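J.: starting from these lines, generate the structure:
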Amino acid sequence: MKKFNSWLLVTAVAICCSILLHSCSEDDNIATQGQDIPVAYADNIDETVSPGDNFYMYSIGSWWKRTEITEWSDHYFFLEETGKLFQEKISAIENAGEQAATIKNHSENLFTNTEADQKRISDALGLVHAAQTREELWTLMGQLAAEGFQMPFGLLSLSQKGVMGVVFTPSLEKDVTSAFGDNDDDDDDFNYGHYGDYNYKAIEPILATSSTRSIAQEKWPMLVKVCEGMGFNPQQAYVALEEFYELATEDLEIKPSEQLEELQDMDCDELAETIDDYIKDNLPLCDAETLSQIEDQEGATFDAEKVIDNIGQNYMKYYLSYIVAKHYCTPEMKKRGEADIAELKEAFRERITANTWLSEASKSNVLDKLNAMTVNVSEPDWLEEGLIDLSQTKSFFEDVMETRKTYFNFIKKLYGMNVQQGSFHSMVGSMITLAEFNALYAPNFNSMNILPAFLMEPIYGENSSTAARYAAMTVFGHEMTHGFDTSGAEWDKYGDVNSIWASDADAAEFKRRAQLMVNYFNSIEIAPNIYADGEKTLKENIADLGGVELAFQALTKHLKKQGLTDEAIKKEQRNFFVAYANYWRNKYNDEYAESQKYSDDHSLSRERVNGVVTNIDAWYELFDVKPGDKLYRAPEDRIHIW
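T.: Below you'll find the model as predicted:
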């Protein structure tokens, strides 16, 4: 995840437009039998282009002709403009909430509670100096962490075997003193919160049986004692191993996986000194002399916002998300999203039941996983333990301590919950925020997560047309299908690394079909003599195809329930495909196409449309696509996975 410039400015949360984003601009009414059904996105259709030759340009060609690319850009992506609209909404809640006002005020007025704050630090140092053994110091680290002191480890909440546990990570970068000067080039510093995006590749090794272990064994006597000090049962505590950081830390000279081992190997004096350093890290917030010394040493003036950045990034995501939800989430949004996803789940069940290549045992595993999949829509039912309350604090130091303590209590609250109860809280607490344009499937929780931006106008909402609504639902189906792509299929219904395939034959057939998808996209020319990367984009292409198939099937069932028949159904089905293409309208040049090939795991917008519809049988009849058309694929060549 990208570092916050300031948690006070919620707009600084990364707007992840590389993920699935949609907008709907049609205002046609929901179709009912006997009514005339308007053509979706009629102003954007270019009828000079044959749908069978280039469905993407047929659907958006007139928009393409009207749209200008600025001289300083290589593309004009409609979805980026949609992202800006959401960013403007988030800007409107800048400095929202009493907690934001409190911490801002205290950060501008240091040393207002100096004596009490310094005593709190000196008392903690006294406990360290009184400890006689490493075991006492290990336990003390847990106690101090529970009181709000940063210690040389971090905590994440993840699940294993369907139960939320705690994962220990190293934390070398200190919250306060690391904010002085420029530490961007210091490869020896590591703080999980400042590196990488939420990615199951980074989490899998913790959960895989072959590379994770409970700390309640001989290897980790230190962490067993730390857990005792914190009040955690060590049986459900784990250690982040080297692979956890592989994506985020390829340039890191020190292996984070070795840091906890080094900490455990310290003798009593060295360990006491290390704990001292973390406690004293807070002194600049309440001791003017220490602050002056560090400013002289670093050659930099104290910048409280840098401290707030660190605190916000590491401990305040849950509170930030709460602020966003408080302003922009409604019960109606959540209810509508959950109802639509329920339709998609039912469509998926029907498709699995009718599947012709899976064995009955594998079908049972797929259905079990689908039925167990947690659907997190819009916002969680908030846990008070994760919501920061600074009403009683008297200084910036106390704000920092209370914020860390709140995060600790939040992790402790999640500890022992089942994965369905805790998954969204865990992600919103440490990995994502509701201020992001994001929708994601988390295999380690077996959960699909639809954040608020996907449930708000103009992306999707109560005023959307039937076609636009179901086309927007392709994003929901996309995330659902990720649970069964080439990686998702290796995780079970509990979110543990355990394949859903009941036989080698099923696994082999799935692999064969996936390879057909790779080969097909490898054959697509995205720019002169530049071809798509079918292997790199495989998971996203499987999810795109699955999302469209699920939404189309749900739409057709919905239209029949509404009483529509024959041509009225076909017209709405055509509108659905056109609306789907319009959600991806992006005017770009060849340079952009080439750069995106190497920088994005998703296919280009045109291929996300043309590469999907050409594998859907109904599309051929709806748009009269015949042999000889450029996009035509013979029935036996069309790829069907889910």
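J.: spit out the contact partners of residue 499.
T.: Contact analysis of residue 499 by Cβ atoms under 8 Å, 6 or more residues apart in numbering lists 489, 490, 492, 507. From N, CA and C alone the C-beta is placed, and that goes for glycine too.
J.: could you rerun that using 6 Å?
T.: Residue 499 makes contact with residue 490, according to Cβ atoms under 6 Å, 6 or more residues apart in numbering.
J.: what does the one 3 residues further on give?
T.: When contacts are counted by Cβ under 6 Å, 6+ apart, residue 502 touches 359, 361, 362, 365.
J.: measure it to residue 153 for me?
T.: In this structure, residue 502 and residue 153 are 40 Å apart, going by Cβ to Cβ, to the nearest Å.
J.: also residue 82?
T.: Here the distance between residue 82 and residue 153 works out to 40 Å (Cβ to Cβ).
J.: try residue 413
T.: Taken as Cβ to Cβ, the spacing of residue 413 relative to residue 153 amounts to 19 Å.
J.: looking at those two, which is more packed in?
T.: Each of residue 413 and residue 153 had its neighbours counted (other Cβ atoms under 10 Å), and the higher figure belongs to residue 153 (22 against 18).
J.: that one: what's it in contact with?
T.: Each residue near residue 153 by Cβ under 6 Å, 6+ apart is listed here: 168, 171.
J.: what comes up buried for the host helix or strand of residue 101?
T.: According to DSSP states H and E, residue 101 maps onto helix 98-107. If you call a residue buried by 16 or more other Cβ atoms under 10 Å, then helix 98-107 has these buried ones: 99, 100, 102, 103, 104, 106, 107.
J.: please apply the same query to stretch 125-136.
T.: Within stretch 125-136, the residues that qualify as buried by neighbour count (16+ other Cβ under 10 Å) are 128, 131, 134, 136.
J.: now the end-to-end length of that stretch.
T.: Stretch 125-136 has an end-to-end distance of 14 Å (Cα to Cα, to the nearest Å).
J.: just to revisit the earlier point, among the contacts of residue 502, which are in helices?
T.: When helices are assigned by DSSP state H, the members of the contacts of residue 502 inside them are 361, 362, 365.
J.: ranges for the helices of the stretch 301-450 of the chain?
T.: Using DSSP state H, counting those that start in this stretch, the helices of the stretch 301-450 of the chain run over residues 304-315, 317-328, 331-354, 360-372, 396-414, 419-430.
J.: list the buried residues of the fourth one.
T.: Buried positions in helix 360-372, judged by neighbour count with 16+ other Cβ under 10 Å: 362, 363, 365, 366, 367, 369, 370, 372.
J.: could you do the last one as well?
T.: By 16+ other Cβ under 10 Å, the buried positions in helix 419-430 come out as 419, 420, 421, 422, 423, 424, 425, 426, 427, 428, 429, 430.
J.: taking the residues you listed together, which two end up most distant?
T.: Taking Cβ to Cβ as the measure, the buried residues of helix 419-430 reach their widest spread between 420 and 430, a distance of 18.1 Å.
J.: in CSV: the buried residues of helix 360-372, plus pLDDT and distance to residue 51.
T.: As requested, the buried residues of helix 360-372 are exported to CSV (pLDDT from 0 to 100; distance: Cβ to Cβ, whole Å):
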residue, pLDDT, distance to residue 51
362, 98, 36
363, 98, 35
365, 97, 38
366, 98, 33
367, 98, 35
369, 98, 36
370, 98, 33
372, 95, 39
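J.: looking at those residues, which is nearest residue 234?
T.: Within the buried residues of helix 360-372, the smallest distance to residue 234 is 27.4 Å, found for residue 372 (Cβ to Cβ).
J.: so where do the strands sit in the protein?
T.: With DSSP state E, the ranges of strands along the chain come out as 75-77, 153-160, 163-170, 237-239, 374-377, 439-442, 447-450, 525-527, 530-531, 586-588.
J.: burial measure for the closest residue to residue 460 other than its chain neighbours, as a count.
T.: In this structure, residue 460 finds its nearest non-sequential neighbour in residue 472, 4.0 Å apart by Cβ to Cβ, 6 or more residues apart in numbering. Under the neighbour criterion other Cβ under 10 Å, residue 472 is assigned a count of 24.
J.: against residue 411, how distant is residue 472?
T.: For residue 472, the distance to residue 411 under the criterion Cβ to Cβ works out to 35 Å.
J.: one more: residue 38?
T.: Per Cβ to Cβ, residue 38 is found 51 Å from residue 411.
J.: neighbour count winner among those two?
T.: residue 411 (25 against 16).
J.: follow-up on the earlier one: helices and strands around the helix holding residue 101, which ones?
T.: The contact analysis (3 or more Cβ pairs under 6 Å, 6 or more residues apart in numbering; DSSP states H and E) places helix 98-107 against helix 396-414.
J.: try 7 Å
T.: helix 304-315, helix 396-414 (3 or more Cβ pairs under 7 Å, 6 or more residues apart in numbering; DSSP states H and E).
J.: for residue 589, which of the ones you listed is the nearest?
T.: Proximity to residue 589 (Cβ to Cβ) singles out helix 304-315 among the helices and strands packed on helix 98-107, at 35.8 Å.
J.: now do the closest one, average pLDDT.
T.: For helix 304-315, the mean pLDDT works out to 90.
J.: and it, how far out from the chain's middle?
T.: The chain centroid and the centroid of helix 304-315 are separated by 20 Å under Cα atoms, centre = their mean, to the nearest Å.
J.: and for stretch 285-299?
T.: Relative to its chain's centre, stretch 285-299 lies at 38 Å (Cα atoms, centre = their mean).
J.: now stretch 78-96
T.: Relative to the mean C-alpha coordinate of its chain, stretch 78-96 is positioned 18 Å out (Cα atoms, centre = their mean).
J.: now swap in stretch 549-565 and tell me
T.: Distance of stretch 549-565 from its chain centroid, counting by Cα atoms, centre = their mean, is 30 Å.
J.: hmm, who's touching it?
T.: Stretch 549-565 is contacted by residues 31-33, 343-344, 347-348, 351, 470-471, 473-474, 477, 480, 569, 572-573, 576, 616, 618 when judged by Cβ atoms under 7 Å, 6 or more residues apart in numbering.
J.: restricted to helices, list those.
T.: For the contacts of stretch 549-565, the ones inside helices are 343-344, 347-348, 351, 470-471, 474, 477, 480, 569, 572-573, 576, 618, with DSSP H as the criterion.
J.: closest one of these to residue 159?
T.: Looking at the ones in helices among the contacts of stretch 549-565 and their distance to residue 159, the nearest is residue 480, at 19.0 Å (Cβ to Cβ).
J.: list the contacts of that closest one.
T.: 344, 348, 448, 550.
J.: out of these, which is most surrounded?
T.: If you count neighbours using other Cβ under 10 Å, the busiest of the contacts of residue 480 is residue 550, which has 28 neighbours.
J.: now that one: how far from residue 638?
T.: Applying Cβ to Cβ, one obtains 17 Å for the distance of residue 550 from residue 638.
J.: what's the distance between residue 295 and residue 311?
T.: 20 Å.
J.: when these two are compared, which one has more neighbours?
T.: The residue with the greater number of neighbours, taking residue 295 and residue 311 and applying other Cβ under 10 Å, is residue 311; the counts read 23 against 15.
J.: of all the helices and strands packed on helix 98-107, which one is nearest residue 524?
T.: Between residue 524 and the helices and strands packed on helix 98-107, the tightest spacing by Cβ to Cβ is seen for helix 304-315, at 39.2 Å.
J.: so what pLDDT did the closest residue to residue 46 other than its chain neighbours get?
T.: For residue 46, the nearest residue in space outside its immediate sequence neighbours is residue 61; the separation is 2.5 Å by Cβ to Cβ, 6+ apart. The per-residue pLDDT reported for residue 61 equals 97.
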